[in-house]
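S.K.: Just to be clear, the model below is a prediction. Sequence and coordinates:
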Amino acid sequence: MTLNAELTNTLGLEGLEYRHNLTKNQLFDEALANDRGRIRADGPDDEPKAYATALGNEGPLVYYSDPSCTGRPVQDTFAVAWPEIEDKVWWKSDFQKFDPDHFEPLLERVAAHLNERGQHLYVQDVYCGWDPAYAVPYRFVGEFATHALFATNMFVEQIEVDNPDDKRWTLLNVPSFHCDPERDGTKSQRAVIVDIRNRIGLVLGRADYCGVVKKTMFTVMNYLLPEIGELPMHCSANVGSQGDGAILFGLSGTGKTTLSADPDRELIGDDEHAWTADGVSNFEGGCYAKLIDLDKDAEPVIAAALSTPGCVIENVPPLPGKPMSETDPQDLDLTDDSITENTRLSYPLSANPNVAEGARGPHPETIVLLTADAFGVLPPVSVLDAKDVMYHFVSGFTAKLAGTEVGVTEPKAAFSACFGSPFMAQKPSVYAEILARKMKTHKARCILLNTGWSGGPHGIGKRISIKHTRALLNAALNGDLDADKVDYENHPVFNLAMPTACPGVPSEILNPRNTWHDASAYDKQAEKLRDMFRDNYKTKNFDALGIEAVM
Ligand SMILES: Nc1ncnc2c1ncn2[C@@H]1O[C@H](COP(=O)(O)OP(=O)(O)O)[C@@H](O)[C@H]1O
Ligand SMILES: C=C(OP(=O)(O)O)C(=O)O
């Protein structure tokens, strides 16, 4: 079937011009020519809205999303509640039911809108997943070349998949279509809707944060993989020189990207993976790193990627008085959060000189649960047993950091099951059971690594340094924190095993109580957080899922 016929069949589009499978250079040129000024309607008029830097035709593209959408539009995210999936999907505030009766009329209206405008669309055929056993063909269809370039950077360009036409997902990205909540059954003008029955994703209205293009597909993978008994994970992954694999689960901003980009270990990926019978493999072909306050010495791989041709820099403001076309990306002010805290860089895995062959690796020896505790009370590192792992995995505690989700402007406590509740399309117990089985089979060790605050809560204490976090992580990876190598002290409130020594880290910070001026204030704060864990356990009924309480 021709592309035209396929898009008429799937989406009802007719007679449109498709710019299909352009190269990155072509997409870059198209973005400069066509997205300029169409994006960020209220941007400074004298500035083009998407442009190249001094690296000329091949330099990074700087992109500005709509000012109301510099993070994921959580309140506007839905799945169509078809009867065959209704019992399986885990409905929650950030993944809501979309009335099936509204879906087809809405899709027809979107198609009519595009047919009427008669504008060209960008169509990029890529794949989600590096392992042919589960990879899903992913067709991005959208109005903006920038998003098409992002999709090409972030997904896998070629993988042999059996019967691709029967597996293909199509994501239609139409920022120019504004929903009418009353007519369309949405909550606002924008909507991100997943239709599992027909394998369609719809991104409508002011939902033009690039992250939507990847996280929507991640949600899909989180639905599909458990159906074949395999585990999708919101984690980064890398592998050491001895073939020792590690995965790092964590919510946004907890350090997956930062800590996995280690010059001494091969990267498998920074955000979304599968753990299957064959080991760990990446869903993505690129990384999407946060740029705010980037410490270029601590994060050299990300810093170097800033200058890589074809990358997309998102929402970093221009330097005052300097045209972007003359700006070296290394000179950008990465502390500038005047547009958003959630400034980003999308780069292909190839921008990292140290990537594992085929973005795949072995079964992990070490599993890291990352948390960024803004209360300042969890230990920087704790060693978990099987019971602790399940408890902390389904609890998914962290501080939500400002920026990544629309409306979050300061750190706040979050319990996000499986360290990715917004994207976990099925119930947490589904993922927890597969994880427990795989960990047991492969005898993986597990630590809880806190990249959050030490010496007091956010505002009083300081975020633990990346240097110390890396030293703790490396010690765990080397086995230096295993029970036969080091003594542990028990945390009386959280019932966690805290190592008493670690190479490269002052011992006194390993027990967080020592880092507070006022130990009784620490005890109170620790009890407050423990009570939040307990409430979350009770509210979400984890007992009924067979998860044992550990605190
Ligand atoms: N100790 C630490 N460990 C990891 N990241 C830290 C630490 N302290 C500060 N950070 C910052 O926190 C952010 C972590 O973001 P990132 O690695 O992109 O998280 P994720 O990939 O999990 O969304 C980065 O901006 C990093 O510089
Ligand atoms: C891109 C996102 O994820 P992360 O911050 O984990 O990269 C996101 O949540 O929008």
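M.R.: Cool, the structure landed. Ligands and ions are numbered 1, 2, ... in the order given.
S.K.: Right, and ligand 2 sits closest to which residue of the stretch 101-250 of the chain?
M.R.: Gly211 (3.5 Å; Cβ to the nearest ligand atom). Just so you know, the C-beta spots here come from the backbone N, C-alpha and C atoms, and that holds for glycine as well.
S.K.: same check, this time on the stretch 51-200 of the chain
M.R.: Arg72 (4.3 Å).
S.K.: Equivalent analysis for the chain, please.
M.R.: Counting by Cβ to the nearest ligand atom, the chain gets nearest to ligand 2 through Ser252 (3.1 Å).
S.K.: any idea how far the residue of the stretch 51-200 of the chain closest to ligand 2 lies from Pro226?
M.R.: Between Arg72 and Pro226 the distance, using Cβ to Cβ, to the nearest Å, works out to 22 Å.
S.K.: swap in Leu334?
M.R.: Taking Cβ to Cβ, one finds Leu334 at 38 Å from Pro226.
S.K.: Then Phe423?
M.R.: Separation of Phe423 from Pro226 (Cβ to Cβ): 13 Å.
S.K.: More neighbours: which of these two?
M.R.: Per other Cβ atoms under 10 Å, whichever of Phe423 and Pro226 has more neighbours is Phe423, with 24 against 20.
S.K.: Now Ile447. Its backbone dihedrals?
M.R.: Backbone geometry at Ile447, expressed as degrees, to the nearest 10, gives phi -130, psi 160.
S.K.: Return the residues in contact with it.
M.R.: Thr366, Ile367, Val368, Leu369, Val381, Ser382, Val383, Leu384, Leu472, Ala476, Leu481 (Cβ atoms under 8 Å, 6 or more residues apart in numbering).
S.K.: 6 Å - rerun?
M.R.: Taking Cβ atoms under 6 Å, 6 or more residues apart in numbering, we find Ile447 in contact with Val368, Val381, Val383, Ala476.
S.K.: Run through the bridge partners of it.
M.R.: Val368, Val383 (DSSP bridges).
S.K.: any idea of the pLDDT on it?
M.R.: The model reports Ile447 with a pLDDT of 98.
S.K.: May I ask you to confirm that Phe375 is in contact with Gly456?
M.R.: No. Assessed by Cβ atoms under 6 Å, Phe375 is found out of contact with Gly456, at 9.3 Å.
S.K.: From one end of stretch 153-169 to the other, what's the distance?
M.R.: Terminal residues of stretch 153-169 are spaced 18 Å apart (Cα to Cα, to the nearest Å).
S.K.: and if you look at stretch 160-169?
M.R.: Using Cα to Cα, first and last residues of stretch 160-169 are 16 Å apart.
S.K.: ok, now stretch 113-128?
M.R.: 29 Å.
S.K.: So which residues make contact with that stretch?
M.R.: 13-14, 16-21, 135-142, 145, 148, 151-152, 155-156, 159, 177, 217, 283.
S.K.: try stretch 468-486
M.R.: Residues contacting stretch 468-486 (Cβ under 6 Å, 6+ apart): 246, 259, 366, 380-381, 383, 447, 451, 499, 501-505.
S.K.: Ok, stretch 296-304 next?
M.R.: Thr258, Ala261, Ala289, Asn352, Ile466.
S.K.: which ones are touching the first one?
M.R.: By Cβ under 6 Å, 6+ apart, the contact set of Thr258 is Glu299.
S.K.: try 10 Å
M.R.: 236, 248, 270, 289-290, 294-295, 298-299, 301-302, 370, 451, 466, 469-470 (Cβ atoms under 10 Å, 6 or more residues apart in numbering).
S.K.: Confirm it sits in a strand?
M.R.: No. Remark: Thr258 does not belong to a strand; assigned using DSSP: H, G, I helix; E, B strand; the rest coil, it is helix.
S.K.: Roughly how far does it sit from Ile292?
M.R.: Applying Cβ to Cβ to Thr258 and Ile292 gives a distance of 12 Å.
S.K.: returning to that earlier point: residues near the residue of the chain closest to ligand 2, how many?
M.R.: Ser252: 27 neighbours (other Cβ under 10 Å).
S.K.: So it: helix, strand or coil?
M.R.: Applying three-state DSSP: Ser252 is coil.
S.K.: residue ranges with poor pLDDT in the chain?
M.R.: 37-58, 401-405, 408-411 (pLDDT under 70).
S.K.: got the domain boundaries for it?
M.R.: Following automatic domain parsing, one finds the domains of the chain at 3-35+73-227, 241-251+364-416+427-545.
S.K.: how about TSV for these, with distance to Gly310 added?
M.R.: Supplementary listing: these in TSV, determined by distance: least, Cβ to Cβ, whole Å:
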stretch	distance to Gly310
domain 3-35+73-227	4
domain 241-251+364-416+427-545	24
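S.K.: So which of the ones you listed is nearest Pro67?
M.R.: domain 3-35+73-227 (8.8 Å; Cβ to Cβ).
S.K.: Near ligand 2, which residues of the protein? Just list them.
M.R.: Arg72, Gly211, Lys215, Ser252, Asp271, Tyr288, Thr404 (Cβ under 6 Å from any ligand atom).
S.K.: does the fourth one really touch Thr398, like I thought?
M.R.: Yes. Look at Ser252 against Thr398 with Cβ atoms under 10 Å: they come within range, at 8.5 Å.
S.K.: anything in contact with each of those two?
M.R.: The contact sets of Ser252 and Thr398 overlap at Ala372, Ala414, Ser416, Phe419 (Cβ under 10 Å, 6+ apart).
S.K.: among the residues you listed, which are in strands?
M.R.: Using DSSP state E, the subset of the shared contacts of Ser252 and Thr398 located in strands is Ala414.
S.K.: Could I get the shared contacts of Ser252 and Thr398 in JSON lines, plus columns for neighbour count?
M.R.: As requested, the shared contacts of Ser252 and Thr398 are exported to JSON lines (neighbours: other Cβ atoms under 10 Å):
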{"residue": "Ala372", "neighbour count": "26"}
{"residue": "Ala414", "neighbour count": "20"}
{"residue": "Ser416", "neighbour count": "22"}
{"residue": "Phe419", "neighbour count": "28"}
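S.K.: what about the longest helix in the chain?
M.R.: Counting by DSSP state H, the longest helix found in the chain is helix 519-539.
S.K.: now for that helix, which elements pack on it?
M.R.: When contacts are defined as 3 or more Cβ pairs under 10 Å, 6 or more residues apart in numbering; DSSP states H and E, helix 519-539 packs onto helix 386-395, strand 397-400, strand 412-415.
S.K.: And those: which comes nearest ligand 1?
M.R.: strand 397-400 (9.2 Å).
S.K.: What lies in contact with the closest one?
M.R.: 250-254, 369-376, 378, 408, 410-416, 419, 448, 450-453, 457-458, 529, 532-533, 536.
S.K.: gap between that strand and the chain center?
M.R.: Computed by Cα atoms, centre = their mean, to the nearest Å, the separation of strand 397-400 from the middle of its chain amounts to 14 Å.
S.K.: Spell out whether it and ligand 1 are in contact.
M.R.: No. Counting by Cβ under 6 Å from any ligand atom, ligand 1 is not contacted by strand 397-400; separation bottoms out at 9.2 Å.
S.K.: What is the three-state secondary structure of His147?
M.R.: Classified using three-state DSSP, His147 is helix.
S.K.: ok, it touching Asp208?
M.R.: Yes. Using Cβ under 10 Å, His147 is in contact with Asp208, at 7.3 Å.
S.K.: Now do the shared contacts for the two.
M.R.: With Cβ under 10 Å, 6+ apart, His147 and Asp208 have common neighbours Ile39, Tyr63, Ser65, Asn173, Pro175.
S.K.: Most widely separated two among those?
M.R.: Largest pairwise distance in the shared contacts of His147 and Asp208, by Cβ to Cβ, is 13.5 Å, between Tyr63 and Asn173.
S.K.: Now the common contact residues for those two.
M.R.: Phe144, His147, Phe150, Asp208.
S.K.: Surely Glu104 touches Asn198?
M.R.: Yes. If you go by Cβ under 10 Å, Glu104 and Asn198 touch, sitting 9.3 Å apart.
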